[in-house]
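A.B. asks: Let's see this in three dimensions:
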Amino acid sequence: MKLRPFQQEASDAICNEWNEGTQSTMIVVPTGGGKTVIIADVIKRHTPHRALVVAHREELIWQARERIETYSGIPCEIEMADLVASANLFSKAQVVISTIQTQNAGNGLMRRMSRFKPSDFKLLIIDEAHHATADTYRNLINYYQQNPDIKILGVTATPDRADEEALGQVFTSVAYDYEILDAIRDGWLVPIDQQMVSIAGLDFSAIRTTAGDLNGSDLNTVMEAERNLLGVAGATMEIVKDRRTIVFTASVKQAEALCDIFNRHKPGISGWVCGKTPKEDRRSLLSKFSTGAIQVMVNCGVLTEGFDNPGVEIIVMARPTKSRALYAQMAGRSTRPLPGIVDPFETPEERKAAIEASTKPSCLIVDFVGNSGRHKLMTSADILGGKVSDRAIERAIAVAKKLGKPVRMSQVLDEQEEQLKREEELRKAEEARKAESLRRASLKANVKFTTRKVNPFDVMDITPCKVRGWDNGKALSEKQRALLLRQGIDPSEIPYPQARQLIAEIFNRWQTKQCTFKQAKLLKRYGYNAKITMSEATKIIDRIAANGWQRPDPVAAVTTK
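C.D. replies: So this is what the prediction gives:
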């Protein structure tokens with residue numbers, strides 16, 4: 001199977017990290033982005049070395065085996081419950097798939113992972129790696145890291161920002177970061193529309209925070225209140241029309257009650273499942289949902305991971321959360337396009353046009369708005385805004401709340417980010433005007449004038465990347481620091497990921513024969529466009545020097561910005 005371009009980039013980036021000596025790395029790829037395909041390709045590229053793939057739920061284990069075997073052609077064995085992977089010297093499977101619970105079963109040195117020697121595997125791959133900060137995963141990693149040659153990969157959709165720094169302690173690098181908004185812009189996922197629905201009397205302000213999210217007991221009390229149940233159900237029935245919908249709830253009682261109210265509105269429209277629903281009943285209900293016999297599926301803690309149904313068009317968040325990762329998992333149940341829609345096309349424009357022309361041109365996320373008090377509750381803007389400024393996210397959420405109708409959230413984020421850029425450009429222009437005014441005043445007074453420090457991002461016309469939690473505490477190598485210092489950039493004043501971004505841009509300029517950073521800085525000082533070749537920059541700088549370091553007049557052939 002041919003990988004999608006971003007899947008190939010992710011696989012290459014992982015191998016590059018390992019080849020450069022990094023033992024543990026991670027990638028961020030959204031739900032619906034084919035994480036298992038990337039895993040399968042990495043395993044295939046390391047044939048015949050053995051791989052251990054670890055997930056945290058039984059459903060994910062069977063799904064992983066099916067997809068890895070399909071995409072790589074490599075047989076997999078499962079180590080879970082009564083299923084035991086072969087340890088025979090002559091019949092060891094190249095790929096073993098196991099749950100984290102299975103690996104940690106037992107006590108001390110007798111944990112089930114001890115069935116395997118650390119040297120048995122060359123690759124350790126952790127699916128849903130945002131869980132990797134838990135003690136069970138630390139035990140797993142510490143055990144297999146006794147093999148100094150093992151390579152570790154973590155794969156996740158959208159890490160919770162609160163966990164980013166902790167993830168940076170488990171994985172020493174992020175090889176590839178491709179988030180939901182990237183996939184939407186490239187036409188691999190459908191655009192997300194957001195609708196905020198105000199429910200009178202819905203009040204989260206008194207709910208406590210436990211382990212970083214809304215306290216379960218407090219939240220249940222609020223969401224199970226009859227007035228709130230009727231408000232959520234009534235609004236949902238008005239919105240969904242004939243579209244396939246998943247409703248996420250905070251409790252089993254809320255799920256059952258909402259399903260009952262939906263069916264009172266329209267008999268047979270809804271079913272509900274929870275963790276204790278018998279497997280056969282769950283399988284039957286989800287099958288009916290997949291075929292459209294049931295239109296609205298209400299669930300409590302079941303469909304957040306491992307459930308793929310591209311026909312889902314609406315996600316109703318009747319379970320507010322402060323966790324970005326949890327929200328992303330719930331929203332991700334609706335972002336897949338319909339089968340066969342996007343893969344035939346080469347360009348983002350063609351894929352987006354195909355999605356727009358399909359019977360599922362977008363998905364809708366419905367959030368219920370009340371008095372949130374001190375809590376910062378997640379919205380689609382938060383999961384789309386991994387690489388967008390926090391101010392743009394805040395403004396986009398305010399727009400959605402004010403309108404109270406479906407808005408294309410990626411578009412609103414882009415508009416707010418552009419508005420912030422325009423405001424920043426105006427601020428810089430005003431600073432430049434004041435600086436020029438001071439310069440002229442100093443010349444008149446025959447006083448030396450010192451310009452302010454040059455912003456290297458302004459010089460190279462690039463936007464600084466967002467600083468993520470997993471980069472905290474990381475430092476550049478001495479060679480990297482020396483490179484920036486030679487360019488006149490003080491690395492001590494720039495966050496680690498932004499310094500890496502500058503280094504990448506410097507190398508890119510060298511490789512494409514664009515003017516160097518030092519040339520760009522000088523050209524900017526004299527008001528020239530720095531997006532020119534090295535040879536063009538040299539000619540202009542020679543003219544400036546020949547003119548006594550005054551800008552030549554008339555202006556040189558290269559236009560100013």
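
A.B. asks: which stretches of the stretch 351-500 of the chain form strands?
C.D. replies: 363-371, 407-408 (DSSP state E, counting those that start in this stretch).

A.B. asks: go on, the stretch 151-300 of the chain?
C.D. replies: So, for the stretch 151-300 of the chain - with DSSP E, counting those that start in this stretch - the strands run 151-156, 173-177, 192-203, 209-210, 213-214, 245-249, 270-274, 296-300.

A.B. asks: what bits of the protein have low per-residue confidence?
C.D. replies: 87-90, 161-162, 439, 441-453, 553-561 (pLDDT under 70).

A.B. asks: any idea how it splits into domains?
C.D. replies: Listed by automatic domain parsing, the domain ranges of the chain are 5-178, 192-414.

A.B. asks: one step back: any idea which of the strands of the stretch 351-500 of the chain is most buried?
C.D. replies: Across the strands of the stretch 351-500 of the chain, averaging neighbours per residue (mean count of other C-beta atoms under 10 Å) puts strand 363-371 on top, at a mean of 20. All C-beta atoms are positioned from the backbone trio N, CA, C, and that covers glycine.

A.B. asks: Output the contacting helices and strands for that strand.
C.D. replies: When contacts are defined as 3 or more C-beta pairs under 8 Å, 6 or more residues apart in numbering; DSSP states H and E, strand 363-371 sits against strand 192-203, helix 226-240, strand 314-318.

A.B. asks: Send me it as CSV with only the CA atoms.
C.D. replies: Provided in CSV are the C-alpha atoms of strand 363-371 (Å, rounded to 0.1, in the frame of the first residue of the first chain):
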residue,chain,number,x,y,z
CYS,A,363,-18.5,17.3,10.8
LEU,A,364,-20.2,19.2,13.6
ILE,A,365,-19.0,19.4,17.3
VAL,A,366,-21.7,20.6,19.7
ASP,A,367,-20.7,22.0,23.1
PHE,A,368,-23.0,23.1,25.8
VAL,A,369,-22.2,26.4,27.4
GLY,A,370,-23.1,27.4,30.9
ASN,A,371,-21.3,29.2,33.8
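
A.B. asks: neighbouring strands for that strand, and are they parallel or not?
C.D. replies: Strand 363-371 has the following strand partners under DSSP bridges: strand 192-203 (parallel), strand 314-318 (parallel).

A.B. asks: Tabulate those strands (CSV), appending mean neighbour count and distance to residue 355.
C.D. replies: Below are the strands paired with strand 363-371 laid out as CSV (neighbours: other C-beta atoms under 10 Å; distance: least, C-beta to C-beta, whole Å):
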stretch, mean neighbour count, distance to residue 355
strand 192-203, 18, 12
strand 314-318, 24, 16
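
A.B. asks: Residue 382 is nearest to which of these?
C.D. replies: Between residue 382 and the strands paired with strand 363-371, the shortest gap by C-beta to C-beta is with strand 192-203, which sits at 10.6 Å.

A.B. asks: how far does the closest one sit from the chain's center?
C.D. replies: Chain-centre distance of strand 192-203: 24 Å, with C-alpha atoms, centre = their mean, to the nearest Å.

A.B. asks: correct me, but residue 22 touches residue 172?
C.D. replies: Yes. Between residue 22 and residue 172 there is a contact under C-beta atoms under 8 Å: 5.7 Å.

A.B. asks: re the thing from before, so can I have JSON lines of the strands paired with strand 363-371 showing distance to residue 68?
C.D. replies: Below are the strands paired with strand 363-371 laid out as JSON lines (distance: least, C-beta to C-beta, whole Å):
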{"stretch": "strand 192-203", "distance to residue 68": "29"}
{"stretch": "strand 314-318", "distance to residue 68": "28"}
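
A.B. asks: Quick one: closest of the ones you listed to residue 398.
C.D. replies: That would be strand 192-203 among those, by C-beta to C-beta, at 10.0 Å.

A.B. asks: circling back: using a markdown table, lay out the strands of the stretch 351-500 of the chain together with distance to residue 414.
C.D. replies: Listed next are the strands of the stretch 351-500 of the chain as a markdown table, based on distance: least, C-beta to C-beta, whole Å:
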| stretch | distance to residue 414 |
| --- | --- |
| strand 363-371 | 17 |
| strand 407-408 | 9 |
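
A.B. asks: and residue 7, which of those strands is closest to it?
C.D. replies: strand 363-371 (21.7 Å).

A.B. asks: Run through who's touching the closest one.
C.D. replies: The contact list for strand 363-371 (C-beta atoms under 8 Å, 6 or more residues apart in numbering) reads 190-199, 201-205, 231-232, 235-236, 239, 243, 312-318, 320, 331, 334-335, 377, 379-380, 401, 406, 409.

A.B. asks: what secondary structure does residue 27 sit in?
C.D. replies: strand (DSSP: H, G, I helix; E, B strand; the rest coil).

A.B. asks: what's the closest non-adjacent residue to it?
C.D. replies: residue 176 (4.3 Å; C-beta to C-beta, 6 or more residues apart in numbering).

A.B. asks: Hmm, that neighbour is touching residue 16, no?
C.D. replies: No. Counting by C-beta under 8 Å, residue 176 does not reach residue 16; the two are 9.7 Å apart.

A.B. asks: neighbour-wise, which of those two wins?
C.D. replies: Neighbours were tallied for residue 176 and for residue 16 using other C-beta atoms under 10 Å; the higher tally belongs to residue 176 (22 against 13).

A.B. asks: quick one: contacts for residue 113?
C.D. replies: 103, 104, 139, 140, 143, 144.

A.B. asks: Which members of the residues you listed define the maximum pairwise distance?
C.D. replies: 104 and 144 (12.6 Å).

A.B. asks: the helices in the stretch 301-450 of the chain, which residues?
C.D. replies: 324-331, 348-357, 380-384, 390-403, 409-444 (DSSP state H, counting those that start in this stretch).

A.B. asks: In TSV: those helices, plus mean neighbour count.
C.D. replies: Listed next are the helices of the stretch 301-450 of the chain as TSV, based on neighbours: other C-beta atoms under 10 Å:
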stretch	mean neighbour count
helix 324-331	24
helix 348-357	15
helix 380-384	27
helix 390-403	18
helix 409-444	13
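
A.B. asks: any chance of those in CSV, plus distance to residue 493?
C.D. replies: Below are these laid out as CSV (distance: least, C-beta to C-beta, whole Å):
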stretch, distance to residue 493
helix 324-331, 29
helix 348-357, 36
helix 380-384, 29
helix 390-403, 21
helix 409-444, 18
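
A.B. asks: Could you confirm residue 48 falls within a strand?
C.D. replies: No. Assigned with three-state DSSP, residue 48 falls outside any strand and is coil.
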